[in-house]
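sequence isn't available, so here's the structure alone:
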């Protein structure tokens, strides 16, 4: 995967950011069901799907230059927000339960 393709195709940076924000928006919709926002954002953490999609897309020649890097950028956006959500969840009185 060529990350410099993002520099050569700046529109793919926007694509990656939009993909990441879309994933977060879908996960944040859990708030509509009365659940905590932090928990919904934590659900956006898995990286396997975008990385595998990028790998398979490259192997099959299905992606344009920069699209695989955009997929990974989107995954990194969700990782950053999910990490912040995990910290926020713990700070606001929801520490992990440790049982003896």
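Received, thanks. What you see is a predicted model; the values in this text were computed from it and never measured.

and the residue nearest the centre of the chain, its phi and psi?
In the chain, the residue lying closest to the centroid (C-alpha atoms, centre = their mean) is residue 78, at 2.6 Å. The phi and psi values for residue 78, taken as degrees, to the nearest 10, are phi -70, psi -30.

which parts of stretch 35-50 are buried?
For stretch 35-50, the neighbour count (16 or more other C-beta atoms under 10 Å) marks 38, 40-45, 50 as buried. Every residue, glycine included, has its C-beta placed from N, CA and C.

which of these lies closest to residue 74?
Distance to residue 74 across the buried residues of stretch 35-50 (C-beta to C-beta) is lowest for residue 50, with 6.1 Å.

any idea which element that closest one lies in?
Here residue 50, judged by DSSP states H and E, is contained in helix 48-60.

which residues make contact with that helix from outside it?
Contacts to helix 48-60, defined as C-beta atoms under 8 Å, 6 or more residues apart in numbering, come from residues 1, 19, 62-63, 67-69, 71-72, 74-75.
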